[in-house]
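**Student:** Next input, structure requested:
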Amino acid sequence: MLILNQRQKDLLAWVNREGYVAVEKMAAHFAVTHQTIRRDITLLAEHKLLQRYHGGASVLSSVENVAYDARQVLMIEEKRRIARALAAEIPDNASLFINLGTTTEEVAKALSQHRGLRVITNNFHIANLMCDYPDCEVLVAGGALRKRDRGLTGEATVQFIRQFKVDYGIIGVSCIEHGGVLRDYDYREVLTTQAIMQQSRQVWLAADHSKFDRPALVELGHLSQVDALFTDQPVSAEMAEVLAAGDTRLVVAA
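**Tutor:** Next up, the predicted model:
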């Protein structure tokens, strides 16, 4: 399991935010040697978290997400805090959509003590986990199964989801742009998440701070379509204005 120290986490978030950062600039900022920064970059590049270049590091391509096994451990403590905060607001006897993503999988884990849940998901990891919870009914969408993360997507998935209207749609996302646009990498996954948002009375987005201003190819929607954003750090003044304009509630997990 990959465990990042705080400097490596901050370095990765910086590169994701800026797009490219030079080794010299990172070494000065963190008050460490160039060799230390290069070792950090090499480690992160080996786990496909960023792209290594001579003299610096950049974000990965906007057309491909970080590998699933790396995302399982990336920002894991932040994801768990977000999951606990979100789960604490879900009442017993609620109906839920839960979509693909490692953050939503942490939400599923945090719901283990709830009773009377009715869960619809296109995520096999979540289905396998929650089917063992007492008094929890799990419905699994059909569709094409992706090898890389055991996610179900495609027209059959969308059609299945559109049969239901649930209390809460719990979604993750790959990118939140500074103007509030939500983006992801796979257009089939985007279509599924859009259906979830349309068929949910409340849409709750779980996203750690590294998701802000990452590059991703496909437009999913806008924060104004989200009722609540659960994250792990206070947002910028500009983002706070976007949330206020869209009447989106902000929850910063302690």
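
**Student:** how deep is residue 91 tucked in, by neighbour count?
**Tutor:** Neighbour count for residue 91, taken as other CB atoms under 10 Å: 11. (Glycine included, C-beta is placed from N, CA and C.)

**Student:** Which helix or strand in the protein has the lowest average pLDDT?
**Tutor:** In the chain, the helix or strand scored least confidently by mean pLDDT, DSSP states H and E is helix 68-71, which has a mean of 59.

**Student:** Tell me the buried residues in the helix or strand hosting residue 12?
**Tutor:** Taking DSSP states H and E as the criterion, residue 12 maps to helix 6-18. Under the neighbour-count criterion of 16 or more other CB atoms under 10 Å, helix 6-18 has 7, 8, 9, 11, 12, 13, 15, 16 buried.

**Student:** And for stretch 87-94?
**Tutor:** 87, 90, 94.

**Student:** got it, and stretch 171-181?
**Tutor:** Buried residues in stretch 171-181, counted by 16+ other CB under 10 Å: 171, 172, 173, 174, 175, 176, 177, 180.

**Student:** Identify the residues contacting the residue nearest to the third one when sequence neighbours are not counted.
**Tutor:** So that's residue 173. Nearest residue to residue 173 in three dimensions, chain neighbours excluded: residue 182, at 5.0 Å (CB to CB, 6 or more residues apart in numbering). Going by CB atoms under 8 Å, 6 or more residues apart in numbering, residue 182 touches 173, 175, 176, 205, 219, 220, 221, 222, 223, 226.

**Student:** Quick one: low-confidence residue ranges for the stretch 101-250 of the chain.
**Tutor:** Of all residues in the stretch 101-250 of the chain, none has pLDDT under 70.

**Student:** give the contact list for the closest residue to residue 123 other than its chain neighbours.
**Tutor:** Spatial nearest neighbour of residue 123, chain neighbours left out: residue 100 (5.1 Å); criterion: CB to CB, 6+ apart. By CB under 8 Å, 6+ apart, the contact list for residue 100 reads 122, 123, 149, 151, 153, 172, 189, 192, 193.
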